[in-house]
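# what shape does this take:
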Amino acid sequence: MAAMAAQQPSIPPGSDGRDRRMDNSRGGGEGDEGALPMPSRNPLPLSASQEAQVREVFNERVRKLCAEEIKAFADCARNRTLSIPFACRAISRRMNSCMLAHATPAEHDRAREQWFAQRAARARERERKERRKMEQEAFLREWWQLPEKDPDEVRRQIEKLERGERVGGVTRRGTEDQGQSQGQGKR
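Here you go, the predicted structure:
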């Protein structure tokens, strides 16, 4: 309990406790020229599955930073069952303190930025897998002499592939002006 209290940041007097990072970063992206820009320090809300992906990146980063302590604990715990809490207490505390020290909001922000930087690669990988799946399905239909799929259904699948990833309720593919130039923009 005392360790958790030490981890929570205190609110300075005269502050209402709100996070001011979003207010300061509305001016634009902080990304490189070639990379997709980070919308803001705390970007638009992500879906539950996207937040889970950010958490996976965050946990992976923390585990990488504490890899030595985790390996030492795993070596200590090997071939033990009930005696782990007693025999490995010091190593376990060292591992937990390392993970607590690195599991900070700043590290979570870096994990979120890494997730946004990797979204183009994820989109390409998803599109590649879906196209491969469609090719295999067409091959199997031909092989087993099954009727071909409805052309409208194939067209809908291809359109779905070409749509970008949704972040904060907005599709992120290329520029936002593409949809508006085709007459599909909001009015």
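# His102 - how many residues pack around it?
A count of nearby residues for His102, using other C-beta atoms under 10 Å, gives 16. To be clear about C-beta, it is placed using only N, CA and C from the backbone, and glycine gets the same treatment.
# residue contacts, it?
Neighbour list for His102: Arg61, Val62, Leu65, Cys66 [criterion: C-beta atoms under 8 Å, 6 or more residues apart in numbering].
# any idea how far Ser49 is from the third one?
To Ser49, Leu65 is 25 Å away according to C-beta to C-beta, to the nearest Å.
# how about the helices in the chain?
For the chain, the helices defined by DSSP state H occupy 2-7, 21-24, 48-65, 67-77, 84-87, 89-102, 105-117, 119-143, 151-162, 177-181.
# can I get those in a markdown table with mean pLDDT?
Shown next, in a markdown table, are the helices of the chain (pLDDT from 0 to 100):
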| stretch | mean pLDDT |
| --- | --- |
| helix 2-7 | 47 |
| helix 21-24 | 41 |
| helix 48-65 | 94 |
| helix 67-77 | 97 |
| helix 84-87 | 95 |
| helix 89-102 | 97 |
| helix 105-117 | 91 |
| helix 119-143 | 91 |
| helix 151-162 | 86 |
| helix 177-181 | 44 |
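# related to what we said a few turns ago, between Leu65 and Ser49, who's got more neighbours?
Neighbour totals were compared for Leu65 and Ser49, and Leu65 leads with 16 against 7 (other C-beta under 10 Å).
# how about residues contacting stretch 78-95?
Cys66, Glu69, Ile70, Ala72, Phe73, Cys76, Ala77.
# try it again at 10 Å.
With contact meaning C-beta atoms under 10 Å, 6 or more residues apart in numbering, stretch 78-95 is reached by Ala3, Cys66, Glu68, Glu69, Ile70, Lys71, Ala72, Phe73, Ala74, Asp75, Cys76, Ala77.
# what about stretch 77-86, how long is it end to end?
The first residue of stretch 77-86 is 10 Å away from its last residue (C-alpha to C-alpha, to the nearest Å).
# give the buried residues for it.
Ala77 (16 or more other C-beta atoms under 10 Å).
# ok, stretch 132-142 next?
Under 16+ other C-beta under 10 Å, stretch 132-142 has no buried positions.
# ditto for stretch 91-105
Buried-residue list, stretch 91-105, by 16+ other C-beta under 10 Å: Ile91, Ser92, Arg94, Met95, Cys98, Met99, His102, Ala103.
# tell me the confidence at the last one?
By that I understand Ala103. pLDDT recorded at Ala103 is 95.
# mind listing what it touches?
Gln7, Phe58, Asn59, Arg61, Val62, Leu65, Cys66 are the contacts of Ala103 under C-beta under 10 Å, 6+ apart.
# would you list those in CSV and tack on distance to Phe86?
Output for the contacts of Ala103, formatted as CSV (distance: C-beta to C-beta, whole Å):
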residue, distance to Phe86
Gln7, 26
Phe58, 31
Asn59, 27
Arg61, 31
Val62, 26
Leu65, 27
Cys66, 22
